[in-house]
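Visitor: Predicted structure and sequence below. I'll ask about it afterward.
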Amino acid sequence: MHAPSLSDRTIDAYTDVTGQDRLERLRSLAGTLSESRILHVNSTATGGGVAELLRSIVPLCNDLGVDTDWLVMDATDDFFEVTKAMHNALQGDGPSLTEEMKATYRTVNEENARELEDEGEYDLIVIHDPQPLGMLDHLEATMPTVPIVWRCHIDLTDPTEEYLAFVSEYTKRVDHAIFSRSGYIGDTAVPGTSIIYPSIDPVTEKNRSLDAETVSAACDRLDPLSFENPVVTQISRFDPWKDQFGTLEAYRRASEDVSNLQLALVGGMAGDDPEGLELYEQVAEEAAADPDVHVLTDLPDTGVNVLQRESDVVVQKSLREGFGLVVSEALWKRTPVVGSNVGGIPLQIVDGETGYLVDPDDATGAGERVVDLLEDDDRRTKFGENAREHVRERFLLPRQLEELLDVIVAQRH
Ligand code: UDP
């Protein structure tokens, strides 16, 4: 196991974006845990939402006076191949789960759990996602009284049965489980559960307020995209479920009514994802004929921030979606979003108040909703203000931290 290096964070940095009540509740919850030692365990220090979340909440818990550690599993490529197959299979499809795969999973988990013996005593352990669940075998023997909370960040609605059965052998033995939506629990064997929605961190480079100079410089770097004319944006991995072709269709419909409309399709390109590259190439080829469609990759966080902030409308035309953090990211920057009525998107878009919800198959309808917003400056402004408040109340990090501390306090006592 190893501890990632973390920058200091202070809860005071959230004073401007979170109500005093919430900050007081956080301090009070933390006060009841001042004698406790908490450990979070996951399988990666960088990349992905879980590492992002821990990078914020672990230093914040320490700032609040709760002695909190984060340890990342040490593992071989073999192990990650097994857990990647497990991740895919638990969310849908995967190869057959062999005895060899199970043995690799158990051995690496056992080795990591043994190392915990050198870390002293903990009062509660939070295990994130399925990768470190196998540590339970050892922990039950060495720390039998320590409550274990399992924080599941994935959707277990439609898993491959043999993987769910394997994982359920562990999940039924934890003390409590946390899921991101109630629908995601599916048939997983768990004792008590809580639902905690994901959140965005308002003080990061991607989400913080920017001064006019930074915005202007970042806009210049996005040239030939011009904010003098209307801009519609979708920011998503190049993945079939994100439906970039549907977004193109919606943009074409909107262009019939709105002159000089531009579309920015932004996506991260993971070098190890050949499917993503292929889809990117197809989208880029389809977009090449239209000089007003800009397909952009590898934007830095400031670029994403500025594009979400300066676009007139953001679109999220997913066919399926876990939560869709990009929606809250845009709404937080007061940009209304037209999004599909799938996954976590309807939690974030209040239809007719912070944006519009459309049927995932209805690209034309999405285009028409974009037009409704582009043709009405007042409506966009009003939706933008509603959007900011909606995210402030529900989808900012301090709320997620408060709910997590609630669970920890309940399990600790
Ligand atoms: N993202 C980014 N650059 C890109 C594409 C995505 O920074 O080119 C970020 C985006 O801002 C968000 C995250 O990746 O923070 C995607 O999270 P989301 O929940 O929307 O979708 P996921 O990719 O997890 O399905």
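Guide: That came through fine. Residues are numbered from 1 along each chain as shown.
Visitor: Going by C-alpha atoms from here, please, whenever you check contacts or count neighbours.
Guide: Will do.
Visitor: So which residues of the stretch 301-413 of the chain form strands?
Guide: Using DSSP state E, counting those that start in this stretch, the strands assigned to the stretch 301-413 of the chain run over residues 313-316, 337-340, 355-358.
Visitor: And the lowest-mean-pLDDT helix or strand in the chain, what does it pack against?
Guide: Least confident helix or strand, the chain: helix 274-287 with a mean of 89, by mean pLDDT, DSSP states H and E. If you count contacts as 3 or more CA pairs under 8 Å, 6 or more residues apart in numbering; DSSP states H and E, helix 274-287 packs onto strand 293-297.
Visitor: packing partners for the strand it packs on?
Guide: strand 262-267, helix 274-287.
Visitor: which element is residue 245 on?
Guide: Using DSSP states H and E, residue 245 sits in helix 244-257.
Visitor: so what secondary structure elements neighbour that helix?
Guide: Helix 244-257 sits against strand 231-235, strand 262-267, helix 363-374, with contacts defined as 3+ CA pairs under 8 Å, 6+ apart.
Visitor: could I get those as TSV with distance to residue 206 and mean neighbour count?
Guide: Shown next, in TSV, are these (distance: least, CA to CA, whole Å; neighbours: other CA atoms under 10 Å):
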stretch	distance to residue 206	mean neighbour count
strand 231-235	13	25
strand 262-267	14	24
helix 363-374	24	22
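Visitor: List just the one of these that sits closest to the ligand.
Guide: strand 262-267 (3.4 Å; CA to the nearest ligand atom).
Visitor: what's the angle from the closest one to strand 231-235?
Guide: Calculated by axes from the mean of the first three to the mean of the last three CA atoms, to 10 degrees, strand 262-267 forms an angle of 10 degrees with strand 231-235.
Visitor: Strand 262-267 near the ligand at all?
Guide: Yes - against the ligand, strand 262-267 shows contacts by CA under 6 Å from any ligand atom at 266, 267.
Visitor: The spatially closest residue to residue 389 that is not a sequence neighbour: what's it in contact with?
Guide: Closest residue to residue 389 apart from its sequence neighbours, by CA to CA, 6 or more residues apart in numbering: residue 332 at 7.8 Å. By CA atoms under 8 Å, 6 or more residues apart in numbering, the contact list for residue 332 reads 207, 387, 388, 389, 391, 392.
Visitor: which parts of the chain sit against the ligand?
Guide: 235-237, 266-268, 297-299, 301, 323-326.
Visitor: Give the buried subset of the residues you listed as a PyMOL selection command.
Guide: Remark: buried members of the residues of the chain next to the ligand, expressed as a PyMOL selection using 16 or more other CA atoms under 10 Å:
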select buried, resi 235+236+237+266+267+268+297+299+323+324+325+326
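Visitor: that older thread, most surrounded residue in the contacts of residue 332?
Guide: residue 387 (26 neighbours; other CA atoms under 10 Å).
Visitor: Surely that one and residue 331 touch.
Guide: Yes - if you go by CA atoms under 8 Å, residue 387 and residue 331 touch, sitting 4.9 Å apart.
Visitor: list residues touching both of these two?
Guide: Residues touching both residue 387 and residue 331 by CA under 8 Å, 6+ apart: residue 354.
Visitor: Per the annotation, how does the protein divide into domains?
Guide: For the chain, the TED database gives the domain ranges 11-199+396-412, 212-395.
Visitor: Show residues contacting the helix holding residue 245.
Guide: Residues contacting helix 244-257 (CA under 8 Å, 6+ apart): 232, 234, 238, 261, 263, 265, 283, 315-317, 363-368, 370-371.
Visitor: so where do the helices sit in the stretch 301-413 of the chain?
Guide: 301-310, 325-332, 345-348, 363-374, 377-394, 397-412 (DSSP state H, counting those that start in this stretch).
Visitor: nearest to residue 78, of the ones you listed?
Guide: helix 325-332 (30.5 Å; CA to CA).
Visitor: Specify the angle between that closest one and strand 231-235 in degrees.
Guide: Angle, helix 325-332 to strand 231-235, by the same axes, to 10 degrees: 140 degrees.
Visitor: The closest residue to residue 82 other than its chain neighbours and residue 79, how far apart?
Guide: Nearest residue to residue 82, sequence neighbours excluded (CA to CA, 6+ apart): residue 101, at 5.9 Å. Relative to residue 79, residue 101 is positioned 8 Å away (CA to CA, to the nearest Å).
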